[in-house]
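*Asks:* Structural data only, the sequence is not supplied:
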Ligand SMILES: Nc1ncnc2c1ncn2[C@@H]1O[C@H](COP(=O)(O)OP(=O)(O)OP(=O)(O)O)[C@@H](O)[C@H]1O
């Protein structure tokens, strides 16, 4: 049973502000290992901000403040001893608009490994094949690994970005509206991929697409104005939410 999975990520009494603008209020949430959690809620409710805190991407923004904590495997990501680069390797990220580097398909995948000083060709070749297979892209690109990644289709570029994240052997993959720029067919492929990936990874996905949240996730969190209103099994959220705001949102009455 998926509910028996251990809690990998714990978000505790988490507040977050950009300067004087507080955008998250006392968020508490446990995320189980090897499950998919969807963040839903109206625009500006703080979903992406929370996601970007989980690998400290927000550190790059000036004037930010947080209270509370986020732990992974029991260790605070904010502790003085946290190596932020290593954290971002453990907690990979895929963005709304795919962002391959203007390099070959091969070099995109091994980019993180090269930065980490790994240069053994046999090792890199193996990582490229494994990562592209995991991202369901290998068959489409195995004969043109030296081709520029910018020549791939939108859906292929997004799967390449997922493969690039996988190559760093993360435990967690954060996805910020990964399908919003894709056509329905490419979206289906990514959703099927998410099902496969959860065998090996814990996935948190921000989506505006209610059907997508219902299809891909085990648990769903509904946010409204920076507060976590409801967090439960996806089936329950979509069939019998306990909060009226959740019901109004998923039934399209607001947002
Ligand atoms: N870098 C930033 N600097 C200042 N304010 C920001 C920054 N990023 C986001 N915000 C503000 O924080 C609030 C929450 O934004 P966030 O992007 O987290 O919401 P969201 O729920 O993901 O929205 P959307 O669904 O539209 O992407 C918004 O008011 C937004 O304007």
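*Replies:* Yep, it's here. These numbers were taken from a predicted model, which means no experiment stands behind them.
*Asks:* Going by C-alpha atoms from here, please, whenever you check contacts or count neighbours.
*Replies:* Will do.
*Asks:* what about the stretch 151-255 of the chain, any weak spots by pLDDT?
*Replies:* Within the stretch 151-255 of the chain, the stretches with pLDDT under 70 are 255.
*Asks:* give me the residue from it nearest the ligand.
*Replies:* Residue nearest to the ligand within the stretch 151-255 of the chain (Cα to the nearest ligand atom): residue 208, separated by 6.7 Å.
*Asks:* Neighbours of that residue, how many?
*Replies:* Applying other Cα atoms under 10 Å, we find 19 residues neighbouring residue 208.
*Asks:* Tell me which residues touch it, please.
*Replies:* With contacts defined as Cα atoms under 8 Å, 6 or more residues apart in numbering, the neighbours of residue 208 are 40-42, 177.
*Asks:* let's see it at 7 Å
*Replies:* Taking Cα atoms under 7 Å, 6 or more residues apart in numbering as the criterion, residue 208 is in contact with residue 40.
*Asks:* tell me the SS of it?
*Replies:* Three-state assignment for residue 208 (DSSP: H, G, I helix; E, B strand; the rest coil): coil.
*Asks:* cool, residue 10 as well?
*Replies:* Following three-state DSSP, residue 10 is assigned to strand.
*Asks:* Helix, strand or coil: sort out the closest residue to it other than its chain neighbours for me.
*Replies:* In this structure, residue 10 finds its nearest non-sequential neighbour in residue 30, 4.5 Å apart by Cα to Cα, 6 or more residues apart in numbering. For residue 30, the secondary structure call by three-state DSSP comes out as strand.
*Asks:* Compute the distance between residue 30 and residue 204, please.
*Replies:* Using Cα to Cα, to the nearest Å, residue 30 is found at 12 Å from residue 204.
*Asks:* Would you mind telling me which of these two has the busier surroundings?
*Replies:* A side-by-side neighbour count of residue 30 and residue 204, using other Cα under 10 Å, places residue 204 first with 23 against 16.
*Asks:* and the residue sitting nearest the centre point of the chain, what does it touch?
*Replies:* Taking Cα atoms, centre = their mean as the criterion, residue 174 is the residue nearest the geometric centre of the chain, at 1.4 Å. Counting by Cα under 7 Å, 6+ apart, residue 174 makes contact with 51, 92-94, 203-205.
*Asks:* ok, now with 6 Å
*Replies:* Shown in contact with residue 174 (Cα atoms under 6 Å, 6 or more residues apart in numbering): 93, 203-205.
*Asks:* Any idea what it is bridged to?
*Replies:* residue 93, residue 204 (DSSP bridges).
*Asks:* For the closest residue to residue 133 other than its chain neighbours, which three-state class applies?
*Replies:* Leaving out its chain neighbours, the residue that sits closest to residue 133 by Cα to Cα, 6+ apart is residue 139, at 7.7 Å. Judged by three-state DSSP, the three-state class of residue 139 is helix.
*Asks:* Quick check: residues of this structure near the ligand?
*Replies:* Counting by Cα under 6 Å from any ligand atom, the residues of the chain close to the ligand are 18, 23, 42-49, 61.
*Asks:* neighbour-wise, which of the residues you listed leads?
*Replies:* Neighbour max across the residues of the chain next to the ligand (other Cα under 10 Å) = residue 47, 28 neighbours.
*Asks:* next one: phi and psi at that residue?
*Replies:* Backbone torsions of residue 47, given as degrees, to the nearest 10, read phi -60, psi -50.
*Asks:* State the number of residues packed around residue 33.
*Replies:* For residue 33, the count of nearby residues is 23 (other Cα under 10 Å).
*Asks:* Use 142 as the first number from now on
*Replies:* New numbering, starting at 142: the last item is residue 174.
*Asks:* need the contact list for it.
*Replies:* 146-149, 343.
*Asks:* Restricted to strands, list the residues you listed.
*Replies:* Here DSSP state E is the test, and the contacts of residue 174 give 148-149, 343 as lying in strands.
*Asks:* can I assume residue 390 sits in a helix?
*Replies:* Yes. Residue 390 forms part of a helix when assessed by three-state DSSP.
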